[in-house]
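Student: Curious how this folds, go ahead:
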Amino acid sequence: GALSPEEELRAAVLQLRETVVQQKETLGAQREAIRELTSKLARCEGLAGGKARGATGKDTMGDLPRDPGHVVEQLSRSLQTLKDRL
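Tutor: Numbers count the residues shown, from 1 in each chain. Below is the predicted model:
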């Protein structure tokens with residue numbers, strides 16, 4: 001038989017809760033990936049900085065600033081945007 005309106009609402013709530021749990025897990029994994037990549041980027045920039053102090057090479061990711069602090073800030077804003085969408 002058909003579900004009552006109350007049962008339909010319960011099913012919808014359960015489905016939404018499951019979706020939220022999955023999205024939280026995804027965000028956690030994305031945060032960890034961002035931390036790892038930020039750390040690797042900082043190490044790479046540190047190595048490159050030692051070899052070519054005076055040279056300002058072309059930024060390979062044109063939309064990201066070279067300063068690791070700015071990279072972290074920009075990634076944080078991107079994460080917040082993702083959270084807001086969810």
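Student: Okay, helices next: where are they in the chain?
Tutor: According to DSSP state H, the chain carries its helices in the segments 5-51, 68-85.
Student: Could you tell me the least trusted of the ones you listed?
Tutor: Set side by side, those show their lowest mean pLDDT on helix 68-85, which sits at a mean of 81.
Student: Just the buried residues of it, please?
Tutor: 68, 71, 75 (16 or more other CB atoms under 10 Å). In short, each C-beta sits where N, CA and C put it, glycine included.
Student: Let me know whether the first one touches residue 49 as I believe.
Tutor: No. With contact defined as CB atoms under 8 Å, residue 68 and residue 49 do not form a contacting pair (10.6 Å).
Student: how much space between residue 34 and residue 21?
Tutor: Distance, residue 34 to residue 21, by CB to CB, to the nearest Å: 20 Å.
Student: what do you get for residue 11?
Tutor: In terms of CB to CB, residue 11 sits 16 Å off from residue 21.
Student: Also residue 41?
Tutor: Residue 41 sits 30 Å away from residue 21, going by CB to CB.
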